[in-house]
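Visitor: Dropping the sequence and predicted coords here.
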Amino acid sequence: MGQVHATGGELVTDYDALCSSLEALLEGEHDPIACYATAAALLYGELHDVNWAGFYLLQDDELVVGPYQGQPACIRIAMGRGVCGAAAKSLQTMLVPDVHEFPGHIACDARSRSELVVPLVADGELLGVLDIDSPSLGRFDECDADGIERVVRVIVRRVLVRRR
Ligand code: SME
């Protein structure tokens, strides 16, 4: 599962397989923390060249770290701050090929060089963000952004069952 080699020889992620695995792992489970923790473990294990994968969850207009895999990270991020805060505030996916070029980037792990952050939005309401970091420049492309947005939809669907 996970990776396949594209024509050019580079590793690309099989997001169909990843989403199917996540669906299977989360089947019947609606506890948000259980779903976030399982997704973080799956993403960290299956994505190549990643040094952090996890969630920041919205609490009282602030992002607070949730389940993750990787080095200990900063615990609280204000709305609009860093890549995570920007994704949360704009409700848009942030694809950052070089974190040193991103004004206000928060360096939790000095090895991180590129980053992908996707907001979790349920019924128009922000739940938090999924943050994935890589030690390589330009690790993530539009295919990864699209694939991770699909992963996020799988998670949000599960969490929504509990909220309704
Ligand atoms: N780099 C993020 C902070 C979180 S850590 O990367 C885990 C940011 O700028 O929002």
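Guide: Looks like it arrived, so ask away.
Visitor: going forward, measure contacts between C-alpha atoms and count neighbours the same way
Guide: Noted.
Visitor: Chain neighbours aside, what residue packs nearest to the most centrally placed residue in the chain?
Guide: Nearest to the mean C-alpha position of the chain, counting by CA atoms, centre = their mean, stands residue 130 at 2.9 Å. What sits nearest to residue 130 in space, not counting adjacent residues and going by CA to CA, 6 or more residues apart in numbering, is residue 55, at 4.6 Å.
Visitor: What mean pLDDT does the host helix or strand of that neighbour get?
Guide: Taking DSSP states H and E as the criterion, residue 55 maps to strand 52-59. Averaging pLDDT along strand 52-59 yields 98.
Visitor: Next SSE downstream of that strand?
Guide: Counting by DSSP H and E, what follows strand 52-59 is strand 62-70.
Visitor: bridging residues for the residue nearest to the centre of the chain?
Guide: Bridge pairing for residue 130 (DSSP bridges) gives the partners residue 55, residue 118.
Visitor: Look up the pLDDT of it for me, please.
Guide: We have a pLDDT of 98 for residue 130.
Visitor: burial count for the residue nearest to residue 130?
Guide: 28 (other CA atoms under 10 Å).
Visitor: again with residue 97
Guide: 19.
Visitor: quick one: the closest residue to it other than its chain neighbours and residue 58, what's the gap?
Guide: Nearest residue to residue 97, sequence neighbours excluded (CA to CA, 6+ apart): residue 138, at 4.1 Å. As judged by CA to CA, to the nearest Å, residue 138 and residue 58 stand 28 Å apart.
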